[in-house]
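[1] from the sequence below, what's the structure:
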Amino acid sequence: MVPVPPRRPAGPRARLGTGLSLLALLGTSVAALAQGAPAAVPAASPPPGPVPPRAIPATLPPSPDTGSAGKGPETKVPEAKGPETKPAESKPVETASPESKPLPGKPQETARKSREPAPLVYAKVSADPNPTLTARTFLDTLRAAERYAAFAEAGGWERLPEDLARLKPGERNPAIPALRHHLTLTGDLPADAPPSDRLDPPLVAAIAAFQGRHGLPDSGILGRLTINALNVPASVRQRQLAASASRLMGSKFPFGERYVLVNIPSAVVEAVENGTVVRRYVAVVGSPDKATPAVETRITDINFNPTWTVPASVVKNEIIPQMRKNPGYLAKNHIRILGPSGEVDPTKIDWAGEKAVNYTLRQDSGFDNSLGQVRIDMPNRFAVYMHDTPAKSLFAASVRFHSHGCVRVGQVKELVGWLLQGTDGPNGPGTSWGPIEIETGIADGERRDIKLPKPVPVTFVYLTGYATPDGKAHFRDDIYNLDTPAPEPAATGAIPPAGSVPALVKPAAAAPTARPAGMPAAAAKPGPTKPASAKPTAERRTLESVDAIR
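    Prediction:
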């Protein structure tokens, strides 16, 4: 078999700039900050809202999803823990029809079998046309942080009892006035709303608005998750906003007319055009122990029917142990061994040693490929990217932190269609890549790389608190614990050992930090240092993209 040619070398690497402490800025006027702030994105007439998710019937049962850290379009290595089992195939469900009833004097007819796959279900995503990130998000988030700092200094809001979650619309509860006070402070309930201890329609609408800002289903019904979010102290919300703004400092992301955004804590992908979200999709992002990194780069290519070249570390740590236990492991998972003169028979390799790392192992493309049918290529130093997956059941969950670093996109073919706008279609100039052309291009099973004539900027950000131009503050869970500073060191005055890294400190003990460009020196105040980012080692970066989810 002729080896599949590797992908072209990645272009210049982009990275997210290091942020500075933000609490130092909270005492500074917005006017002072604006001297060095990025220009606001011009307001654009809002185009139609985001396209609602469509349920596309699946043709295959879920199979392991994988990512890559090697060179070229890659797919994740199949799960290497425990005995290898092939994903179970969907068996047709037998359904009885009226015609299948036995008739007198005639043999009973065989029950008909339904071959229709179950419809796919995707978690609901927000219809808010405001992007999570724009050129003015930094300043908007700082304003919100100042506002929540004032809430915290004034005592915040009262903690609500858990039994409030059982309250039904129209019912009364003595904790309702405290709930109204909270929602009035945060702008969800109009300040002129009449006081009441009843869960009335205006209060239900305010609860729905609060839920939408926190990434919860906006049902307007109080539940356990909503009560938990309401009981987060104002000081914690202020810290989320400050830490998120800190992570934006130093960013040089080129927004442009079209860009793609992944907010990791939201597990959502946004396609932004002319300052408005035109498409929003659910996503599966890295688990807390295999975090999706912050990335700023460009989407350069679309890969149909991608393959994956297994990194040497995965061959050593995953493949070789599996082959020792199960010699048919590679064949079952369609992984080939390629040597200098062509394909190598796995039985000719001594799996008791580690000679296999000297060969190239590559997983074939196909329906059972863990990358699915599409890969969105975006060169970056972490070798992460966005891709399809056969394991689409996770898109229905509200908690979607399961990958090893790459981002799996629900309805990825629709996103690919948006990315390919303006690209010559399969029939040459004047043609386009519509849904039919995309499906046809994938259906032949051949590897195909489509280069975008104009790369589309893409960024993975970690915003647990951010504000939109309408002044609303949005919050998500700090799944990677990047907002929480390290414990305050003992105030003994001792000099830390040589070579030690100073721990993050609480705001009261923080040292002065550098100020952003354009900020007067007198305005700079002490603040907490930026939460440490999880920078994986070379070994972990290799394994980070192997999304082994079964």
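[2] which regions of the stretch 301-450 of the chain sit below the pLDDT cut-off?
    Within the stretch 301-450 of the chain, the ranges that satisfy pLDDT under 70 run 311.
[3] mind jotting down where the strands sit in it?
    For the stretch 301-450 of the chain, the strands defined by DSSP state E, counting those that start in this stretch cover 308-309, 335-339, 342-344, 360-363, 374-377, 386-387, 401-403, 407-409, 448-461.
[4] now the element after the longest one, going C-ward?
    So that's strand 448-461. strand 465-467 (DSSP states H and E).
[5] so what are the sheet partners of that following strand and their directions?
    Looking at strand 465-467 with DSSP bridges, its paired strands and their directions are strand 473-475 (antiparallel).
[6] other residues contacting the strand it pairs with?
    132, 144, 147-148, 186, 213-215, 229, 232, 237, 240-241, 464-468 (Cβ atoms under 8 Å, 6 or more residues apart in numbering). Using the backbone N, CA and C atoms, a C-beta is placed for each residue, glycine as well.
[7] let's see that with 10 Å instead.
    126, 128, 130, 132, 140-141, 143-145, 147-148, 186-187, 210, 212-215, 229, 232, 236-238, 240-241, 244, 263, 265-266, 463-468 (Cβ atoms under 10 Å, 6 or more residues apart in numbering).
[8] which among these count as buried?
    Neighbour-count burial within the contacts of strand 473-475 applies to 126, 128, 130, 132, 140-141, 143-145, 147-148, 186-187, 210, 212-215, 229, 232, 236-238, 240-241, 244, 263, 265-266, 463-468; the criterion is 16 or more other Cβ atoms under 10 Å.
[9] just for the protein, where's the confidence low?
    Applying pLDDT under 70 to the chain flags residues 1-118, 311, 486-550.
[10] for it, what's the longest helix?
    With secondary structure taken from DSSP state H, the chain has its longest helix at helix 137-153.
[11] show me what that helix is packed up against.
    helix 30-34, helix 176-185, helix 234-248, strand 465-467, strand 473-475 (3 or more Cβ pairs under 10 Å, 6 or more residues apart in numbering; DSSP states H and E).
[12] CA atoms only for the third one, dumped as CSV, please.
    The reference is to helix 234-248. Once non-C-alpha atoms are left out, helix 234-248 reads as follows in CSV (Å, rounded to 0.1, in the frame of the first residue of the first chain):
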residue,chain,number,x,y,z
ALA,A,234,-20.8,38.2,44.1
SER,A,235,-17.1,38.1,45.0
VAL,A,236,-16.7,34.9,43.1
ARG,A,237,-18.5,36.3,40.0
GLN,A,238,-16.3,39.4,40.2
ARG,A,239,-13.2,37.2,40.3
GLN,A,240,-14.4,35.2,37.2
LEU,A,241,-14.8,38.4,35.3
ALA,A,242,-11.4,39.8,36.4
ALA,A,243,-9.6,36.5,35.6
SER,A,244,-11.2,36.2,32.2
ALA,A,245,-10.4,39.7,31.3
SER,A,246,-6.8,39.0,32.4
ARG,A,247,-6.6,36.1,30.0
LEU,A,248,-7.6,38.4,27.2
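[13] got the angle between the next helix or strand along the chain from that helix and strand 448-461?
    From helix 234-248 onward toward the C-terminus, using DSSP H and E, the following helix or strand is strand 258-263. On the basis of axes from the mean of the first three to the mean of the last three Cα atoms, to 10 degrees, strand 258-263 is oriented at 60 degrees to strand 448-461.
[14] what angle do strand 258-263 and helix 234-248 make?
    Using the same axes, to 10 degrees, strand 258-263 lies at 140 degrees relative to helix 234-248.
[15] may I have the strands that pair with strand 258-263, each with its orientation?
    When sheet partners are counted by DSSP bridges, strand 258-263 sits next to strand 268-273 (antiparallel), strand 448-461 (parallel).
[16] single out the most deeply packed of those.
    Taking mean count of other Cβ atoms under 10 Å as the contact definition, the stretch among those with the greatest mean neighbour count is strand 268-273, which reaches a mean of 24.
[17] with just CA atoms, put that one into CSV.
    Backbone C-alpha positions of strand 268-273 (Å, rounded to 0.1, in the frame of the first residue of the first chain) are rendered in CSV as follows:
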residue,chain,number,x,y,z
VAL,A,268,-19.9,25.8,22.2
VAL,A,269,-18.6,26.8,18.8
GLU,A,270,-19.6,30.2,17.2
ALA,A,271,-19.3,31.2,13.6
VAL,A,272,-19.3,35.0,13.6
GLU,A,273,-19.9,37.2,10.5
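[18] tell me what whichever helix or strand comes after it is packed against?
    Moving toward the C-terminus from strand 268-273, the first helix or strand encountered (DSSP H and E) is strand 276-286. Counting contacts by 3+ Cβ pairs under 10 Å, 6+ apart, strand 276-286 is packed against strand 258-263, strand 268-273, strand 401-403, strand 407-409, helix 412-419.
[19] dump these into TSV; add distance to residue 447 as well.
    Below are these laid out as TSV (distance: least, Cβ to Cβ, whole Å):
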stretch	distance to residue 447
strand 258-263	23
strand 268-273	24
strand 401-403	23
strand 407-409	20
helix 412-419	15
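[20] just those: most buried one?
    Of all these, strand 407-409 carries the top mean neighbour count, a mean of 28, counting by mean count of other Cβ under 10 Å.
[21] so what strands line up beside that one?
    When sheet partners are counted by DSSP bridges, strand 407-409 sits next to strand 276-286 (antiparallel), strand 386-387 (parallel).
[22] which of those is buried the deepest?
    Of the strands paired with strand 407-409, the one with the most neighbours on average (mean count of other Cβ under 10 Å) turns out to be strand 386-387, with a mean of 29.
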